[in-house]
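Q: Provide a 3D model corresponding to the input given below.
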Amino acid sequence: MFKFSKLFFLLIFLWVPFLNHAQDCSIDNILVEQSDCVDGFFNVFLHVQATNHGGEGFSVLGNGHDYGDFSYEPNFITIGPLEGNGTTSYEFVVIDNQFGECSNFVEIGTVDCAPPQCNIYDVVLDFQSCTSEGTIGAYNYLLNFNYTNTGFDGFDVFLGEQFLGTYAYENLPVHLVSFGPLNTDFFTLTICDNALTDCCASVEVPTPVCPPLDCGFQEVTFNFEGCHDNGGYNYILNFTPVNTTNTHFDFYLNNEFYGYYSYADLPIFLENIGPFNDNHFNIRICDNDNADCCWDHNVETPNCPVSDNCVIENVAVQAGECNADGLFYVFLSVQGANLGTQGFSVHGNGHEYGNFSYEPEFVTIGPLQGNGTTVYEFIVTDLEFPDCQNYGLVGPIDCFPNDCGFQEVTFNFEGCHDNGGYNYILNFTPVNTTNTHFDFYLNNEFYGYYSYADLPIFLENIGPFNDNHFNIRICDNDNPDCCWDHNVETPNCGGGDCAINHVIVEAHDCNEDGFFFVDLEVVAPNHGNEGFHVNGNGNNYGNFSYELPFITLGPFAGNGETVYEFVVTDNQFPDCQNYDIIGPIDCSPEGCGFHDITMNFEGCNDNGSYNFALNFIPVNTINNYYQLFINNEFQGSYAYDNLTQFIEGVGPFEGENFHVRICDNDHPDCCTDFLVETPACNPGGCNFWDVVVEPHITDCNNDIFSVDVAFHTTNNGPLGYYIFANGDIFGPFSYALPFVTIGPFEGDGSTEYDFLILDIGNPACYTYYEFGTFECDEDVWPGDTNTDNIANHFDLLNIGIAFGSEGPQRPEATTDWNAMSAYNWTHFFEDNNNYKHADTNGDGVVNNADIAAIQQNYNLTHGEVENFTPLEGTDIDPPVYMDVPENLTTGNPFEIPVMLGTEGEPVNDIYGIAFSIELDPEIINVADLTVSFPVSWMGEPEVNTITFSRLNLETNSIDIAISRTDQNNVSGHGPIVILHGIIDDIAGIHGEMDLRATGINAIDLSQSPIPLNNPYKTSVITKLRDEDAGFISLMRDTWIHPNPASDLITIMNKQYIAVESVAVYDMSGVQFGTIQYNTNQISVSELPAGLYALKINMGGHVIMKKMVKVQR
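A: Numbers count the residues shown, from 1 in each chain. All right, here's what the predicted structure looks like:
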């Protein structure tokens, strides 16, 4: 390896070989460059250019030293090592050994090998303001300074001995964290390089004066929540306390004390205040025991007429003690206004408890069973005014808390056994058992004896059974009174070996581009539980689930010749196969055309023109020849039989593209046109193209790396080539080598590397390649897989590309948001980042577990974030869009598929995609929105794809990402994501909803971007009714308990409004079960786990509430 100056670099390009003439010896020029210093010493490299020199070489002298004799034949000689003491001025005299008078000399002056000194200077500390944080004012400062030869880890700031923080040089000027107050007239701030701790600078400045901050209340809201039945008012009070001195506050109405509340309980629901006769009433908030810290405000008095209707305001239910038989009584009291004179009735849980008088303080109802599961409801109805109702709840009451039993029992199916039996995992929580083991029974027959300590238990190959259900029983060992049993639906496991009986393939209609898709159905009564994959015609179409009724593959060229085969192989049992074939499919049965056109660049010519290889599939042509036109000029006629056709001497052209037309000979109606990118070919013959530079680790853990360089070339010289890299020259190399390895280079992450490839015999023949930076010991930030300094949904794409790769584990690995040292792996992404960044949890393998760190550290940053600029799509690119229904109704659940590609514009060769969807929070309740990833043409989640979604409530958007994991691109179109939610347009101010994908990052396996179009899709929002304040209050005062739920749920309402009916829907709008009437409790135990919407009819309104069903 040699180094040359910029002068020499210029001379190479201007060099013109001189002819040898018979004349006197002359040393024409001495080119010299020095090496980097090592331990205070350096070398120099001399290149002696001489004419008619002697045959005995030359000697080099200087500074009193004879450096020896050398030959003219090597291009370069090395002198050294020489001491770089900064004082010695070096000179070198070259003397021909045969002709002593033939000499020349060169001077390089002094060389200082002392390491550069770190320096921090011109420190400026600019006072900004007093901070609003804390009870006493502190200071905000802006810090700036100049620096040279500092380290790469940033700088630390100290206030005396107090550490204030670490900052990055590139972020200067920086806002320091607030500090103070200080009791001194001046203070000193010290800045030190984080790595070079002796490199410091200090600045002394006067201490500012910041007044203490006052106690007060900010962002006070006092929202009207409707009228009370007696004419009073309901309000919600909320505010932000600032520098208060107590944990509670006092609330006053019209200067009279009303209540004492905790700041921690904000917001406060104030029920039934007033009524007042004036047009306004006054409210006051005071910090408790702090009369100097108050806030008051006049509020307009609402118009709330006093009702003379019967109102049951409260039903209070209190349970008595359990008796020895496990029974208890309840004591029920009723409070109300304008009650009837005939008393009231009580019913609940399907029982009529009788009629009672309002006169007793309470009534006794019972006995009731204290089984530990039943929630008892008591609905009170006035006998004179049957619309006057309310209810109370009690329970569940457990009168035998020490009974033996089993809770949270799960019996999860884990797939079929090879012989048709079933695999299950049994788990539960034992309660008050008397033994350390339990007995397990199948269909009343003893099956096994297990330890509670071994739970969960894997039960392999039970059955098979012929009935639709089978019974399981768990009993505490030697305790027949403590058992639990349950009927389980029998799985369909076929009862035999894997068998794929049929593969059925049906073709779609052809699209306008001459392509078609196919639907593939697999009939397999016995199969593995890992899905199947499809191969054919040398292509792997991916992995799929047997649960799908069919899959769609494509697009395929309907060229009228190809017979397409589809071989289906079980992923668990590779000998379990079957296949089907289809075709040939002719997508142009009535017209002539050309399919699958390729025009591949094959190099440059001496005059700068280009060579191409043209290939295509002719369809329904009427001749044996075709005509070729380039930029509307006829090039010639060629035989279809000779395809692929080599086209030589095209161009040269000046534009970015040139136009190509192919026509069937003597058939002007059968032509096709397309554009080809103009190659960069230099006139003069020699050309380079398709340069590839790939890094690999020689000893990267010592901060050095090498690269492999390969390229194509034409008309090169016989002497080979050099490679210049940032002032270093490598070579010479022979063109016969498929690639060469050069290096080492410093992998410091900051040096931008550029490579110049230069033909030795023809200085006009060269090419550049911009490699960029490369960092050998770059730290890992868990979740930031693409090293853009932020963890977000884009990082899923790198996990998908590296999925399944293995490398060194990270020492002391965690997923905390910190910089972590990690050994390099052997593979790199296309942008030179190492695969180690995709191993976010540091366990040495890239898999599903690495997604968790993205969720954990989402949107956290380190340093300056690299902005992502999406590749702009056009109208002719495949779209990504929301398939929004044309009409949506407020209050109803919806499903909106996110579509990628269309049948006419499918997406070709995609590996992953990440994007965002912006939402209108006044139409969609963003917090309740959920995302599901169906099995799609992109793959099956957890089988060959990974997925990611994250709601951002600050920006009212959702970030989504999907990636393959099997290192295979896929093509197709259709839904890839489904959004689930409820239209929430209470205010009724929106008539339309526009949805659009933004920030789209779609890539193939090589990380090349794919352009996609992102059109808006609009839906008209239809209001169910004109919402009033009562409906708003009802929506806010109604909730479901418990939620999530596994069995019984209760619809709770603060206004004690009875439920008239309730129905359960899934998020696609399909109703489950029947409508339940006049009850506020329903069982959801039979529902599959998932998200549901409850449509509740109460108080003359219909409201929708979400409920999550979980399995227990």
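Q: Quick check: the closest residue to residue 636 other than its chain neighbours vs residue 614, distance?
A: For residue 636, the nearest residue in space outside its immediate sequence neighbours is residue 628; the separation is 6.0 Å by CB to CB, 6 or more residues apart in numbering. The C-beta positions use only the backbone N, C-alpha and C, and glycine is treated the same way. Using CB to CB, to the nearest Å, one obtains 7 Å as the distance from residue 628 to residue 614.
Q: Roughly how far does the residue nearest the centre of the chain sit from residue 952?
A: Using CA atoms, centre = their mean, the residue of the chain that lies closest to the mean C-alpha position is residue 793, 1.7 Å off. The gap separating residue 793 from residue 952 is 10 Å, by CB to CB.
Q: Pull up the overlap in contacts between those two.
A: Counting by CB atoms under 8 Å, 6 or more residues apart in numbering, the contacts common to residue 793 and residue 952 are residue 959.
Q: sorry, back to before: may I have the residues that are in contact with the residue nearest to residue 636?
A: Shown here is residue 628, whose contacts under the criterion CB under 8 Å, 6+ apart are 614, 634, 635, 636, 637, 638, 645, 647, 660, 661, 662.
Q: so where is the stretch 301-450 of the chain shaky, pLDDT-wise?
A: 306-307, 324-325, 400-402, 418-419 (pLDDT under 70).
Q: Strands of that one, residue ranges please.
A: Counting by DSSP state E, counting those that start in this stretch, the stretch 301-450 of the chain has strands at residues 311-319, 327-337, 344-348, 351-356, 363-369, 376-382, 389-394, 405-416, 422-431, 437-442, 445-451.
Q: Any buried residues in stretch 820-836, and which?
A: 820, 822-825, 827-829, 832-836 (16 or more other CB atoms under 10 Å).
Q: on that earlier part again, identify the contacts common to residue 628 and residue 614.
A: Shared contacts of residue 628 and residue 614 (CB under 8 Å, 6+ apart): 645, 647.
Q: what's the distance between residue 631 and residue 655?
A: Separation of residue 631 from residue 655 (CB to CB): 9 Å.
Q: Three-state assignment for the residue nearest to residue 860 when sequence neighbours are not counted, please.
A: Counting by CB to CB, 6+ apart, the nearest residue to residue 860 once its immediate chain neighbours are dropped is residue 817, at 4.9 Å. Going by DSSP: H, G, I helix; E, B strand; the rest coil, the secondary structure assigned to residue 817 is coil.
Q: and residue 90, what is it in contact with?
A: Counting by CB under 8 Å, 6+ apart, residue 90 makes contact with 44, 62, 63, 82, 107, 108, 109, 110, 111.
Q: was I right about the first one contacting residue 30?
A: No: counting by CB atoms under 8 Å, no contact exists between residue 44 and residue 30, whose distance comes to 10.5 Å.
Q: Find residues that contact each of the two.
A: With CB under 8 Å, 6+ apart applied, the overlap between the contact sets of residue 44 and residue 30 consists of residue 92.
Q: Pop out the phi and psi values for residue 386.
A: phi -60, psi -20 (degrees, to the nearest 10).
Q: and it, how many residues sit next to it?
A: Residue neighbour count, defined by other CB atoms under 10 Å, stands at 11 for residue 386.
Q: What of residue 449?
A: The number of residues packed near residue 449 is 10, by other CB under 10 Å.
Q: Export only the CA atoms of stretch 752-766, formatted as PDB.
A: Only the C-alpha atoms of stretch 752-766 are listed here, as PDB (Å, rounded to 0.1, in the frame of the first residue of the first chain):
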ATOM      1  CA  GLU A 752     -16.500   8.900   4.200                       C
ATOM      2  CA  TYR A 753     -14.800   6.400   1.800                       C
ATOM      3  CA  ASP A 754     -14.700   7.000  -1.900                       C
ATOM      4  CA  PHE A 755     -13.100   4.500  -4.400                       C
ATOM      5  CA  LEU A 756     -11.500   5.500  -7.700                       C
ATOM      6  CA  ILE A 757     -10.800   2.700 -10.100                       C
ATOM      7  CA  LEU A 758      -8.200   3.700 -12.800                       C
ATOM      8  CA  ASP A 759      -6.900   1.900 -15.800                       C
ATOM      9  CA  ILE A 760      -3.100   1.900 -15.700                       C
ATOM     10  CA  GLY A 761      -2.600   2.400 -19.500                       C
ATOM     11  CA  ASN A 762      -5.400   4.800 -20.100                       C
ATOM     12  CA  PRO A 763      -5.800   7.500 -17.400                       C
ATOM     13  CA  ALA A 764      -9.000   8.700 -19.200                       C
ATOM     14  CA  CYS A 765     -10.600   5.400 -18.200                       C
ATOM     15  CA  TYR A 766     -11.900   5.400 -14.600                       C
END
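Q: any residues touching it, and which ones?
A: The list of residues contacting stretch 752-766 from outside it, by CB under 8 Å, 6+ apart, reads 12-15, 682, 684-688, 691, 693, 709, 711, 716-726, 731-732, 745, 767-774.
Q: mind listing which of those are in strands?
A: Secondary-structure check on these using DSSP state E: residues within strands are 687-688, 691, 693, 709, 711, 721-725, 731-732, 745, 767-772.
Q: In PyMOL, select just the buried ones from these.
A: This is how PyMOL selects the buried members of the ones in strands among the contacts of stretch 752-766, with burial counted by 16+ other CB under 10 Å:
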select buried, resi 687+688+691+693+709+711+721+722+723+724+725+731+745+767+769+771
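Q: Thank you kindly, that will do.
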